[in-house]
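# Sequence first, predicted model second:
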Amino acid sequence: MKQKTFIIFIIVGLLFNCKKENPEINTSNEIQNLKLEESKKILKERSSANLPLEGYSSVEEAVKQFLVEVRKTNQSESTELKSLVNQKEKDYILYPNILGYGTSLDVTPIEDYNKMISSFEVLALGKLKEKPYQVTDLKTIKVLVKSVKDYGKTKFHKIGLVIVTTPKGKVEITEIKSVMQLGNRYKVAILSP
C-alpha cells in the first residue's frame, strides 16, 4: 500500500513539474518581443526622414540596369550593386513604408529581417549569374508586372516575370520580386531565389 501511495505521489509530482513553463523560453520570447518593439519604434521614427530614392525613370529601366550590373560585376554581395536598394534606402524608405502592411517585418526585428533579406539577395544573385544572357541581349526586355500596391509613401510593382530574348531563345527571370517607386524614381527592391 505504501508503494502505491509513493508511486502516485511521484507521478503527480512529475505531472506538476512537466506543466511548469520553462523560464528560459519565456526569457527568450520576452527578449524577442522587446527587440520587435524597439524595431517598430525605430522604423516609425525613420519614416519621417524623407530620404530620396536614387533610382531610374521607369520599372523597365530599373530592371534593365539591375540586370546589366549583375552581368557586368563579379560581386555576389548585393551591397555592391547601385541598381538595388542599398542599406540606407532599406532602413529609411523600404522598411518604414512596409511596416504594418502584413509583411514579415511586422513580426520580425530589423536585425533578423536584414539577415533574411540579405540571404535571399545572395541566393537570387547566384541564380541570376547562372542565367544565359549577355548585356547586349538587354536592349529589349519584357517586364511583366503582376500588380502595383501602395505601401505608405511608396508603391511596389510586383514583378511576375522578366523575359530576355537572346540569340539562343528566351530567358525567363523570376528572381526579381518587386521594384519600389518613390515619387517618379524606381529601383529594384526585393530579390528571392
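Nice, thanks for sending it over. Numbering: from 1, shown residues only.
# the strands in this structure, which residues?
Per DSSP state E, the chain carries strands over the ranges 141-151, 154-166, 169-173, 176-182, 185-191.
# Only C-alpha atoms, please: export the shortest one in CSV.
Once side chains and other backbone atoms are set aside, the C-alpha atoms of strand 169-173 remain, and they are given as CSV (Å, rounded to 0.1, in the frame of the first residue of the first chain):
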residue,chain,number,x,y,z
GLY,A,169,16.0,31.8,-77.2
LYS,A,170,14.1,33.4,-74.4
VAL,A,171,15.5,33.5,-70.8
GLU,A,172,12.9,33.8,-68.0
ILE,A,173,14.0,35.6,-64.9
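# The spatially closest residue to Ser83 that is not a sequence neighbour and Thr165: what is the separation?
In this structure, Ser83 finds its nearest non-sequential neighbour in Phe66, 4.1 Å apart by Cβ to Cβ, 6 or more residues apart in numbering. Using the backbone N, CA and C atoms, a C-beta is placed for each residue, glycine as well. Counting by Cβ to Cβ, to the nearest Å, the separation of Phe66 from Thr165 is 17 Å.
# So for the two, which residue has more residues nearby?
A side-by-side neighbour count of Phe66 and Thr165, using other Cβ atoms under 10 Å, places Phe66 first with 24 against 15.
# Need the pLDDT of the more buried one.
Reported pLDDT at Phe66 in the predicted model: 95.
# returning to what we had before: correct me if wrong: the residue nearest to Ser83 contacts Val188.
Yes - using Cβ atoms under 8 Å, Phe66 makes contact with Val188 at a distance of 4.4 Å.
# overlap in contacts of those two?
83-84, 176 (Cβ atoms under 8 Å, 6 or more residues apart in numbering).
# What residues does Glu69 make contact with?
By Cβ under 8 Å, 6+ apart, the neighbours of Glu69 are 81-83.
# mind putting those in JSON lines, neighbour count and distance to Pro193 included?
Output for those, formatted as JSON lines (neighbours: other Cβ atoms under 10 Å; distance: Cβ to Cβ, whole Å):
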{"residue": "Leu81", "neighbour count": "19", "distance to Pro193": "16"}
{"residue": "Lys82", "neighbour count": "12", "distance to Pro193": "22"}
{"residue": "Ser83", "neighbour count": "20", "distance to Pro193": "18"}
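# do you know how far Ala189 is from Pro167?
From Ala189 to Pro167 the distance is 31 Å (Cβ to Cβ).
# Out of those two, name the residue with the larger neighbour count.
Ala189 (26 against 7).
# in the sheet, who's paired with the nearest residue to that one once chain neighbours are set aside?
Excluding the flanking residues, the one nearest Ala189 by Cβ to Cβ, 6+ apart is Met180, at 3.8 Å. Following DSSP bridges, Met180 is listed with bridge partners Phe156, Lys187.
# give me every residue that touches the nearest residue to Glu111 once chain neighbours are set aside.
What sits nearest to Glu111 in space, not counting adjacent residues and going by Cβ to Cβ, 6+ apart, is Lys35, at 7.2 Å. Contacts for Lys35 (Cβ under 8 Å, 6+ apart) come out as 109, 111-112.
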